[in-house]
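[1] turn this into a structure:
(one chain, ligands or ions: 1)
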Amino acid sequence: MTEKVPRAQYGAQRMMAGAEGKPVAIPMQYPRIMGPNCMKYLQEVVDSGLTVDMVGRFEKAFAEELGVKHCIATPGCTPALATLAAAFDFEPGDEIIVSPIADYGTLQGLVKENYIPVFADAAPGTVNLSAETIEPCITDRTRAILVVHMTGIICDMDPINELARKHDLIVYEDACQATFSEYKGRLAGTLSAAAGFSFDSEKTMGSDIGGCVVTDDDELAERIRFYGQSRGARQEPHFGRRHVVPGYAYRMPQCTAAICLGQLEIVRDQVVHRDKMVRLLTSLIAEIPGITPIPIPDYLNVYSCWMFGFTIDPEQFNCNAEEFAKQVQEGGVPMADIGKMYLMPAACTFLEDMARNKTYPFSIPPASYEYSYSADTCPNARDYLENFVYWPTFCAKYTEETCQQVAEIVRAVADRNRR
Ligand SMILES: Cc1ncc(COP(=O)(O)O)c(C=O)c1O
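    From the prediction side, this is the model:
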């Protein structure tokens with residue numbers, strides 16, 4: 001159920017009765033809407049005999065669109081965040097405070113750099129952490145805060161940045177699910193020292209794969225290229241490459257950059273549409289007794305919404321979230337599912353194994369005390385996800401009619417299972 005679904009299977013969509021009795025499917029992201037220039041840019045890569053710098057062009061275009069100084073393209077967000085973790089160059093055993101509702105890709109790099117993830121709880125009733133939940137997690141080993149803007153809802157960044165300033169901590173963003181969401185008029189990914197994005201085929205700006213790091217910090221950008229792309233090598237006269245740190249070769253392919261560039265040309269309009277659709281769907285779902293859609297904070301000007309979700313009140317229904325999600329999917333919403341796998345302290349069992357066995361960096365030293373990880377590490381996040389139903393790609397193709405249909409499907413499931 002929680003495996004990534006092969007794209008070929010996405011074709012099978014249940015047909016529903018539309019407004020005039022005509023069958024209408026709830027659309028999915030596949031086949032993706034492709035920017036009209038994607039093929040032109042791909043053709044340029046081939047026609048140039050691989051001499052065109054499509055990656056450079058995409059980096060420049062994405063940085064301009066975001067209004068940041070640097071974009072460093074990578075093969076995905078997992079490598080983007082891994083590159084950042086390496087570039088920060090903290091000490092083994094240093095702690096990074098992380099959102100508990102996240103993706104493995106959020107954590108992979110910092111774990112591989114031998115940093116210790118410390119999960120701050122989600123704010124009650126939401127998918128994101130907050131300054132209040134972060135503060136008790138700060139210790140003398142904390143070096144950074146990695147916030148995840150889950151589903152496309154940007155964390156409340158002003159108090160988080162204020163707290164970080166007080167404690168001299170770096171803040172950075174996992175903006176994978178929030179491409180072109182806006183917080184008080186400022187875009188996701190521009191609200192901290194740096195951010196990672198994903199252009200995986202499922203994502204809001206879906207290419208075949210891909211991602212990037214963005215930052216305004218010249219020195220950090222240079223370090224990211226050095227650690228993440230140049231394999232930590234410096235050119236030395238009379239010798240050649242000297243690898244002074246064990247860096248990575250996480251470079252975006254030129255063909256991926258061509259598709260990214262084409263997709264960038266259409267994504268802003270799609271995001272405006274997503275925002276309109278998710279707000280409509282949220283208001284319709286909120287009318288169903290016992291169902292609470294993910295709350296949209298007032299400060300969120302634009303919600304690019306990569307996934308749509310809601311919680312069910314267990315007191316009001318005879319079934320649990322898993323059964324509810326199954327019935328929503330059977331009712332016609334493709335890929336409706338439960339979201340427990342996003343609870344990182346429970347999903348990443350290797351963390352508890354390492355902590356229990358005191359595997360490096362959980363040995364003391366470099367750690368200075370004992371850690372443990374389980375679903376109970378973050379009870380707010382655990383309780384929220386216990387009753388959470390979502391589908392992963394609230395797509396740019398929804399219409400007002402789609403939103404009405406989806407709300408009717410959810411209402412029918414709710415009424416059928418009401419106590
Ligand atoms: C919040 C979050 N972070 C990181 C990732 C990893 O991104 P990628 O697949 O581009 O490596 C994902 C992908 O699903 C994600 O949703």
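
[2] any regions of the chain where pLDDT drops low?
    For the chain, applying pLDDT under 70 flags the ranges 1-24.

[3] stretch 144-160 near the ligand at all?
    Yes - counting by Cβ under 6 Å from any ligand atom, the ligand has neighbours in stretch 144-160: Val148. The way it works is simple: take the backbone N, C-alpha and C, and place the C-beta from them, glycine included.

[4] and the stretch 201-350 of the chain, which of its residues are near the ligand?
    Close to the ligand, as judged by Cβ under 6 Å from any ligand atom, the stretch 201-350 of the chain has residues Gly211.

[5] can you show me the strands along the stretch 201-350 of the chain?
    211-215, 233-236, 240-243, 291-293, 300-302, 308-312, 337-338 (DSSP state E, counting those that start in this stretch).

[6] most packed of the ones you listed?
    Mean neighbour count, computed with mean count of other Cβ atoms under 10 Å, is highest for strand 211-215 among those, reaching a mean of 29.

[7] for that one, packing partners?
    Using 3 or more Cβ pairs under 8 Å, 6 or more residues apart in numbering; DSSP states H and E, the elements in contact with strand 211-215 are helix 54-66, strand 70-74, helix 77-88, strand 194-198, helix 218-228.

[8] what ranges does the stretch 201-350 of the chain have for its helices?
    Ranges of helices in the stretch 201-350 of the chain, per DSSP state H, counting those that start in this stretch, are 218-228, 254-286, 321-331, 344-347, 349-357.

[9] turn the helices and strands packed on strand 211-215 into TSV, columns for distance to Lys166 and mean neighbour count.
    Formatted as TSV, these follow (distance: least, Cβ to Cβ, whole Å; neighbours: other Cβ atoms under 10 Å):
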stretch	distance to Lys166	mean neighbour count
helix 54-66	27	19
strand 70-74	27	25
helix 77-88	19	27
strand 194-198	20	30
helix 218-228	21	19
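
[10] got a list of what Arg274 touches?
    152, 204, 303-305, 394, 396, 398 (Cβ atoms under 8 Å, 6 or more residues apart in numbering).

[11] mind putting those residues in a markdown table, distance to Gln263 and neighbour count included?
    Putting the contacts of Arg274 into a markdown table (distance: Cβ to Cβ, whole Å; neighbours: other Cβ atoms under 10 Å) gives the following:
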| residue | distance to Gln263 | neighbour count |
| --- | --- | --- |
| Gly152 | 17 | 30 |
| Thr204 | 9 | 28 |
| Tyr303 | 19 | 26 |
| Ser304 | 13 | 33 |
| Cys305 | 17 | 30 |
| Phe394 | 17 | 27 |
| Ala396 | 11 | 22 |
| Tyr398 | 18 | 22 |
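
[12] if we can go back for a sec, which one of the helices of the stretch 201-350 of the chain lies closest to Thr179?
    Taking Cβ to Cβ, helix 254-286 is the member of the helices of the stretch 201-350 of the chain nearest to Thr179, at 6.9 Å.

[13] got the angle for that closest one vs strand 194-198?
    If you take axes from the mean of the first three to the mean of the last three Cα atoms, to 10 degrees, helix 254-286 sits at 90 degrees to strand 194-198.

[14] got the angle for helix 254-286 vs strand 70-74?
    Taking the same axes, to 10 degrees, one finds helix 254-286 and strand 70-74 inclined to each other by 100 degrees.

[15] burial of the nearest residue to Val267 once chain neighbours are set aside, as a residue count?
    Nearest residue to Val267, sequence neighbours excluded (Cβ to Cβ, 6 or more residues apart in numbering): Met205, at 4.4 Å. Met205 has 25 neighbours, counted by other Cβ atoms under 10 Å.

[16] from what I can see Met205 touches Cys260, true?
    Yes - under the criterion of Cβ atoms under 8 Å, Met205 makes contact with Cys260 at 7.3 Å.
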